[in-house]
Structures are given as C-alpha cells and as structure tokens.
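[1] how would this look folded up:
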Amino acid sequence: MMAVSDQLVGAAIAQSRELLLLLDPKSLSFIYSNSAAETALGYESGEICSLSPHDLFPEFTAPELNAILDNLSVDVNKHSVMNTVLVSKLVGLRDYYLQLQGVELDQQEVILISGHDVTERMAETDQVHEMLAEAQMDSMLDSATGLMQRVYFLPYMNNVMMKSHETKKPFGLMLLDLENMPEINELYGQPAGERVFLHIGQIVKRVVEVPEYAARFSGKKICLLLPMATKKSVQDLVSHLMRAIARLYYPEWPELKVKARMGIYFGSPTVDPEVLLERVGTDYRDRRLEADEVLTLLNPSLDP
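    Predicted structure coming up:
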C-alpha cells in the first residue's frame, strides 16, 4: 500500500468536487463518502455508508469486488480504473469512470474510490457507435430489397454449412425466384418494380431466423438460409411466403401480380459457399426449363 498522511487524504476528500469514497476491504463496507458523491447520487449525508458495495455497484458481486481489491493490495503503486454503473436514488443507474487506489489511513488499509459521472459522454459514444454500425450495415444491404448483398451473405452461409457438417444434420437453402419481375417493370414501370422488390424483401426478413440469412442472389432471385430445416418447416415456409406474396396489392396497378417460384436444396456439403450457390442456380435453371412447378427440389452435382 502507498502511505499518505491522514491530513492529505482528508483535504482531498473535503475539497474534491468528484465522487470520493473510502471502502474497508476487510469488511467490504463504506466508511466515508464525500458530499459530492451524496449530492450527485441523491443520498442523505452518511447514507452511502449504510449500503453494501453491491447496492451501489450493482455490476459487481462480492467475489468479483474481493478479487479487484486483492489485486490492488499486491503492488503499493497499483491502481485500477473502470467504467461501471452506480445506483442513483434520483435517476436510477448512472455511468461512472472510477479509479480505485489502496491507501493507508490511521494505520488502516483502505481503498480510496474517486471518479466522475460520464453518463452523457457514454450516451454520445453509444450513439456514435450505433450510427457507425447502421452505416456499416447499410453498406452491406442490397438497395432494392433491403436484404444482404451476396458477398456479405457468404460468411453467414459458410458458418451454417460448417455447423451442418459438424452436427451431421442437413440445412436448407431456398431460391426464391420472382419470375415475372421483368414483365412488371415493362408493363408498370420501374417504380412499380422497385416497390415490389422492397416489399418482397420485407416479407422475407420476417420469415428467416436472422436478417443475415437472406440475400439478393442475383437479378430477380433471393436466397434464404434455413438452418436445421425439416420437411414440415419448409412446407410451412413455402405456404407462408406464397400467401404473403399473393396478398400484395397496389391500387395504382390493380392487375399487378407477382409470380413466384421456389427451388429448395437440402444437404450438408463441404464445398465452398460460392460453388454451392452457383450449382444450385444452375440446377434450378435447368429444372425450370423442364417443368413449370411452383416448388422444385434441387439436387445439384457437387463433384469437384
């Protein structure tokens, strides 16, 4: 522990505008709180000393706090800094930047806790992080459908494929083909096609497990990842999608109807995701030339 005079500690506590607390590491109880701490957190004079550390620092259990304090006592020059929340009687939880330092007071080893409220700063930081995350996500999305772009979809597909291989359980891959999109653009104009694409994207987002499991495959096709898919779950998904797409209605274009077709692949291959997508797309095209079916079970050749 670093030895300092009682007068120095007393003067620091009395004059500081920051939160200052003294904690007895043996009893895990507060033995002093300055007026700045009490005023900022809404406690009466001396009230903080009646609280347990967990009452004031809800993020730390007694064993966790003990570990921090034990670590401070190892080195006389050591201190610890942290961002954590304190319980305020006025407004609930507040974010604080704290420094914990072991000191000697009246030949007693205590922990001096000092710090200041950074709630507003943390809120601003969180907002910046959210804006950056949103901007990054926006750059990953297809502008027409609001779904993932194919290149950003591939890592998620790879993870699903790896897990499928490890568990020996197949996953599903659905190719949703908006077959008459070229005709919609030609008959009703580009704005109609854009609205349809956007609405289809919204429908798809609601049926996939997570948003990253759906992507613009190419042109008028959308790809959906279906981890742990079963025959029943795929049947339900197909029915849901077909009903939702059939319900699309535009007063400006009352005759507009979307013709959707689907290709389903089940498997647990070890090929590259791009290879699988390419073979699935090729097999779907070939089978569509043979028969005009709403749902086609795909079985692409995956030989190297």
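[2] where do the strands of the chain begin and end?
    With DSSP state E, the ranges of strands along the chain come out as 2-3, 19-24, 29-33, 79-88, 92-105, 108-117, 171-178, 214-218, 221-226, 260-267, 295-298.
[3] now these in JSON lines, with mean pLDDT?
    Converted to JSON lines, the strands of the chain look like this (pLDDT from 0 to 100):
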{"stretch": "strand 2-3", "mean pLDDT": "52"}
{"stretch": "strand 19-24", "mean pLDDT": "87"}
{"stretch": "strand 29-33", "mean pLDDT": "88"}
{"stretch": "strand 79-88", "mean pLDDT": "81"}
{"stretch": "strand 92-105", "mean pLDDT": "82"}
{"stretch": "strand 108-117", "mean pLDDT": "84"}
{"stretch": "strand 171-178", "mean pLDDT": "93"}
{"stretch": "strand 214-218", "mean pLDDT": "86"}
{"stretch": "strand 221-226", "mean pLDDT": "92"}
{"stretch": "strand 260-267", "mean pLDDT": "92"}
{"stretch": "strand 295-298", "mean pLDDT": "89"}
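[4] what's the distance between stretch 197-206 and the middle of its chain?
    21 Å (Cα atoms, centre = their mean, to the nearest Å).
[5] gap between the nearest residue to residue 242 once chain neighbours are set aside and residue 201?
    Leaving aside its chain neighbours, residue 242 sits nearest to residue 260 (6.7 Å; criterion: Cβ to Cβ, 6 or more residues apart in numbering). The way it works is simple: take the backbone N, C-alpha and C, and place the C-beta from them, glycine included. Distance, residue 260 to residue 201, by Cβ to Cβ, to the nearest Å: 13 Å.
[6] identify the contacts common to those two.
    Counting by Cβ atoms under 8 Å, 6 or more residues apart in numbering, residue 260 and residue 201 have no common neighbour.
[7] who's more crowded, those two?
    Between residue 260 and residue 201, counting by other Cβ atoms under 10 Å, residue 260 is the more crowded of the two (21 against 18).
[8] tell me how far the more buried one lies from residue 60.
    Going from residue 260 to residue 60 by Cβ to Cβ gives 54 Å.
[9] what residues are up against residue 280?
    Residue 280 sits next to 173, 175, 263, 265, 298, 300 when contact means Cβ under 8 Å, 6+ apart.
[10] run the last query once more with 6 Å
    Under the criterion of Cβ atoms under 6 Å, 6 or more residues apart in numbering, the contact list for residue 280 reads 265, 298, 300.
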